[in-house]
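K.L.:
3D, please:
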Amino acid sequence: MNKYLTEWAGKELMEELEEELINAPQDLLGCHIYKEADVQIFTAYRPCAEAVWLLDGKKQVVGEMEPMEVEGLFGCVIEKKTKRLKKYSFRVKYSEDDIVDIYDPYAYPKEITDFDCYIFGEGRHYQIYEKLGAHLETIDGVEGTRFAVWAPGARSVSVIGEFNMWDGRLHKMMLHGGSGFYELFVPGAWEGAAYKYQITARDGSKLYKTDPYGNYAQLRPDNASRITSLSGYEWRDKDYQKAKAAKSSDKRDREPMNIYEVHLASWKKRVEDDDNGNYSYRELAQMLGDYVVEMGYTHIELMGIAEYPFDGSWGYQVGCYYAPTSRYGTPKDFMYFVDEMHSRGIQVILDWVPAHFPKDAHCLGNFDGQALYEHPDRRRGEHPDWGTYIFDYGRKEVMNFLVANALFWVEKFHVDGLRVDAVASMLYLDYGKRDGEWLPNKDGGNEHYEAIEFLQHLNSVMEKEHPGAYIIAEESTAWPGVTAGVDKNGLGFSYKWNMGWMNDFLEYMKLDPYFKQFHHDQLCFSISYYLSEKYILVLSHDEVVHGKCSLLNKMPGLEGDKYAALRAAYGFMYGHPGKKLLFMGQEFAQKREWSEMRSLDWFLLEDERHKKMQDYIRDLNHLYTSNDALYYNDFDLMGFEWMDCARPQTSTVAFVRRGKTARKQLMFILNFTPVAHEKYTVKAPCKGKFVEIINSDDEKYGGQGRVNAKPIAARKKESKGQKGQKDKTVSYEIELYLPPLSAIVLQYDYQG
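P.N.:
Next comes the predicted model:
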């Protein structure tokens, strides 16, 4: 063996290589100038190879490389009298029938900079996904993939995959000092190839992890990442994006937001009773896009798009935060889906889950052999009820991972908004935990200070970077200032799900009509606080699963009464201040509980009761979008006024909604008992004529046709002033037929 090889290589580095513990393989492998002897040294590590040759830039053999002390390590020395090689490759012989030419991965320098490491450590590298993960590159004509991962607790990291026969010895990654970043360019690693990171922990154990920043994953139950490129898709929504970016949050608040919540796999399946019998993103884009437009929705909210291992989690236990699930196709297929929605004027909201993540061995948990993404103390780092890990929000790199991920979906996939799941579980340290299972904050309380700071940071950054996007909180408590600005010590969310209204209203609707009179406050209470936050009224998936039954079957009474009561319930929801969300299937009165394993019961539309319910929701949707009284002043005191909320004995209410002008204002009158009122008299907001434009008892909606066909004239009502005063008080009232279990909408022009 050439003496320079043994002098230069060093025993310690070779031992680390042999034991698979080397984290600076570039110090041993590749091309080096051995200054003491003024020679050029080339080394290659190819276990199981019979021979290796060094090739020049023209693929000509320079010489055969010598086997070194470590099995599979080969070296070659070029004396100073020979011209030094600037470009080179290796020819590797495994057998007479297996000879391959390869480029040396250690011939390519690292691209992650010290500045990248610094700002990531500060939690401010918002495009870190451009550096970490797997990125296709061509360097000096050589095609391959650059891999990078953050694993500060690892002893060493290898990238393994279909391109190297899953052999962790072949592509040891290069560590960036003390940053925890490992990086390597792998020539020949092709698009679509599956890969993982083989991480050697400090205790010597080996972990096999999916790429935290990977953009594509194998279809479950397989769980490796796949190399892909997010570049090259030709977006068609330039004008759409420009118009959206020009809107201030105040202007957005005054626009309609009527959301159709969708679980893609079970909206419609190509093949029933087949876990993989799903339509693709591209197919769903057409079918769902057409349906949503025809039904009059303005937004869709997608459950579970970030890749997840278990179907039954509905996507709320995320395995790969930077990858759209492969259940429906590729990342570019998902781009097409969003693009198609935008072409129809439909905004796309994604459910986003920074509250917890699963314990599956290939996911983020115990990533480099110790707690990295999760808090190391199980009292802060685990949800006992859910069996999941909790992110360590106080670690800046973890906060960076999450904030960058929120931006990633907006920047790379053009989504319009994110709905943050389980915010309450983030805000409270004792959420879902018994005494002894949680750790108080520094002041002894249950507020999670680090999570609060994370949420404020997230919302501030999104508002700054993408003011046209919005973030919605699913927050189920009375935490103050969820939608207040961060500058006012609020959390800074754009909107909040009104879980209080949902619970009160559904509990009220489930009551036998006789008992509703004793629970009138449950119907009316939400109006006392509707201006405290910017609310979205939700009847979501959580209300139609796990024994809760469908919305139709929550209604009391005989079957006919159930349909009538549900129509009345929907009428109240659409009239109530706040943006709107309805889960799929409820628009046509799905009878069964929802299941992620099967399609919605579309066959019900063959029954006219369900078809007419769908027609009713369609008309309510179009009523909503065509009348600014129903959305323009959602968060303004002038947008709502009770006309009557003090008749608990009849379980009736009446109120008006006002838009930006005196024209096309709306009055809602609702009856929640199966008792008709022949001449129902109620206060009117002004003089003039009131025209019935929706009556849930209309035959076309499945009712009995007891409508008010003629305009209703308000009549003046005078009352004497208080004792000692001559002035009289003038008010107005209307009289109409109010059917049982009904919602009536009257349109009028305000006349003072």
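K.L.:
use CA for all of it now, contacts and neighbours both
P.N.:
Fine.
K.L.:
pairing partners for the host helix or strand of V656, with directions?
P.N.:
For V656, the host element (DSSP states H and E) is strand 652-657. According to DSSP bridges, strand 652-657 has the following sheet partners: strand 640-647 (antiparallel), strand 665-671 (antiparallel).
K.L.:
what does the last one rub up against?
P.N.:
Right, strand 665-671. Applying CA atoms under 8 Å, 6 or more residues apart in numbering, the external contacts of strand 665-671 come out as 568, 571-572, 575, 627, 629-630, 650-659, 738-750.
K.L.:
what's the offset of the helix or strand hosting S460 from the middle of its chain?
P.N.:
Using DSSP H and E, S460 sits within helix 449-465. On the basis of CA atoms, centre = their mean, to the nearest Å, helix 449-465 sits 16 Å off its chain's mean C-alpha point.
K.L.:
contacts for it next, please.
P.N.:
393-394, 399, 403, 407, 426-427, 441, 469-471, 486, 490-493.
K.L.:
what comes up buried for it?
P.N.:
Going by neighbour count (16 or more other CA atoms under 10 Å), the buried part of helix 449-465 is 449-452, 454-463.
K.L.:
again with stretch 179-186
P.N.:
Buried-residue list, stretch 179-186, by 16+ other CA under 10 Å: S179, F181, Y182, E183, L184, F185, V186.
K.L.:
again with stretch 103-122
P.N.:
Buried residues in stretch 103-122 (16+ other CA under 10 Å): Y103, D104, P105, Y106, A107, Y108, K110, D116, C117, I119, F120, G121.
K.L.:
low-confidence ranges in the stretch 201-350 of the chain?
P.N.:
Along the stretch 201-350 of the chain, no part satisfies pLDDT under 70.
K.L.:
all strands for it, in order.
P.N.:
Assigned by DSSP state E, counting those that start in this stretch, the stretch 201-350 of the chain shows strands spanning 206-209, 225-226, 258-262, 299-302, 306-307, 320-324, 347-352.
K.L.:
pull the CA atoms of the first one into CSV?
P.N.:
Included here for strand 206-209 are C-alpha records, laid out as CSV according to Å, rounded to 0.1, in the frame of the first residue of the first chain:
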residue,chain,number,x,y,z
LYS,A,206,-30.0,2.9,14.9
LEU,A,207,-33.2,4.7,14.0
TYR,A,208,-34.9,4.9,10.6
LYS,A,209,-36.8,8.1,10.1
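K.L.:
now that strand, how far from the centre of its chain.
P.N.:
27 Å.
K.L.:
for W497, give me its contacts.
P.N.:
I472, A473, E474, E475, S476, Y535, I536, L537, V538.
K.L.:
point out the most buried one among the strands paired with strand 652-657.
P.N.:
Mean neighbours per residue, mean count of other CA atoms under 10 Å, is largest over the strands paired with strand 652-657 for strand 665-671, with a mean of 24.
K.L.:
and the next helix-or-strand element following that strand, what's buried?
P.N.:
Using DSSP H and E, the helix or strand that follows strand 665-671 towards the C-terminus is strand 677-684. Neighbour counts over strand 677-684 (16+ other CA under 10 Å) mark V682, K683, A684 as buried.
K.L.:
ok, the nearest residue to the last one once chain neighbours are set aside - contacts?
P.N.:
With sequence-adjacent residues excluded and distances taken as CA to CA, 6 or more residues apart in numbering, A684 is closest to E733, at 4.5 Å. By CA under 8 Å, 6+ apart, the residues touching E733 are T681, V682, K683, A684, P685, A714, R715, K716, K717.
K.L.:
hang on, E733 is in a strand, isn't it?
P.N.:
Yes. Assignment of E733 by DSSP: H, G, I helix; E, B strand; the rest coil places it within a strand.
K.L.:
and it, bridged to which residues?
P.N.:
For E733, the beta-bridge partners are K683, R715 (DSSP bridges).
K.L.:
equivalent analysis for Q747, please.
P.N.:
The residues that Q747 bridges to, once DSSP bridges is applied, are L666, V691.
K.L.:
you'd agree H466 is up against A246?
P.N.:
No. Assessed by CA atoms under 8 Å, H466 is found out of contact with A246, at 10.5 Å.
K.L.:
the more surrounded of those two?
P.N.:
Counted by other CA atoms under 10 Å, H466 and A246 do not tie: H466 has more neighbours, with 16 against 11.
K.L.:
contacts only, for the nearest residue to that one once chain neighbours are set aside.
P.N.:
Using CA to CA, 6+ apart and skipping the chain neighbours, the partner closest in space to H466 is A245 (7.5 Å). Taking CA under 8 Å, 6+ apart, we find A245 in contact with H466, P467, G468, A469.
K.L.:
CSV for those, including distance to A422, secondary structure and pLDDT?
P.N.:
Compiled in CSV, these are given as follows (distance: CA to CA, whole Å; DSSP: H, G, I helix; E, B strand; the rest coil; pLDDT from 0 to 100):
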residue, distance to A422, secondary structure, pLDDT
H466, 23, coil, 94
P467, 23, coil, 92
G468, 24, coil, 92
A469, 20, coil, 95
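K.L.:
what does the strand holding V656 contact?
P.N.:
Applying CA under 8 Å, 6+ apart, the set of residues contacting strand 652-657 is 575, 629-630, 639-647, 665-673, 682, 685.
K.L.:
likewise for stretch 54-65?
P.N.:
Contacts of stretch 54-65 (CA under 8 Å, 6+ apart): 51-53, 74-76, 85-91.
K.L.:
repeat that for 7 Å
P.N.:
With contact meaning CA atoms under 7 Å, 6 or more residues apart in numbering, stretch 54-65 is reached by V52, W53, F74, G75, C76, L85, K87, Y88, S89, F90, R91.
K.L.:
does the third one touch A51 like I think?
P.N.:
This points to F74. No. Assessed by CA atoms under 7 Å, F74 is found out of contact with A51, at 8.3 Å.
K.L.:
common neighbours of the two, please.
P.N.:
By CA under 7 Å, 6+ apart, no residue touches both F74 and A51.
K.L.:
the more surrounded of the two?
P.N.:
F74 (25 against 18).
K.L.:
which residues does the more buried one form beta bridges with?
P.N.:
Counting by DSSP bridges, the residues bridging with F74 are A44, P67.
K.L.:
pretty sure I617 sits in a strand.
P.N.:
No. I617: not assigned to a strand; according to three-state DSSP it is helix.
K.L.:
which one is it nearest to, not counting chain neighbours?
P.N.:
In space, and not counting its chain neighbours, I617 is closest to E587: 5.9 Å by CA to CA, 6+ apart.
K.L.:
isn't there a helix covering the one you found?
P.N.:
Yes. Judged by three-state DSSP, E587 forms part of a helix.
K.L.:
residues in contact with it?
P.N.:
Contacts for E587 (CA under 7 Å, 6+ apart) come out as M613, Q614, I617.
K.L.:
what about the first one, distance to S550?
P.N.:
I take that to be M613. Here M613 is placed at a distance of 14 Å from S550 (CA to CA, to the nearest Å).
K.L.:
cool, and the last one?
P.N.:
Distance of I617 to S550, given as CA to CA: 16 Å.
K.L.:
between these two, which one's more packed in?
P.N.:
I617 (23 against 20).
K.L.:
follow-up on the earlier one: so can I have TSV of the buried residues of strand 677-684 showing distance to G387 and pLDDT?
P.N.:
Converted to TSV, the buried residues of strand 677-684 look like this (distance: CA to CA, whole Å; pLDDT from 0 to 100):
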residue	distance to G387	pLDDT
V682	53	97
K683	54	97
A684	55	96
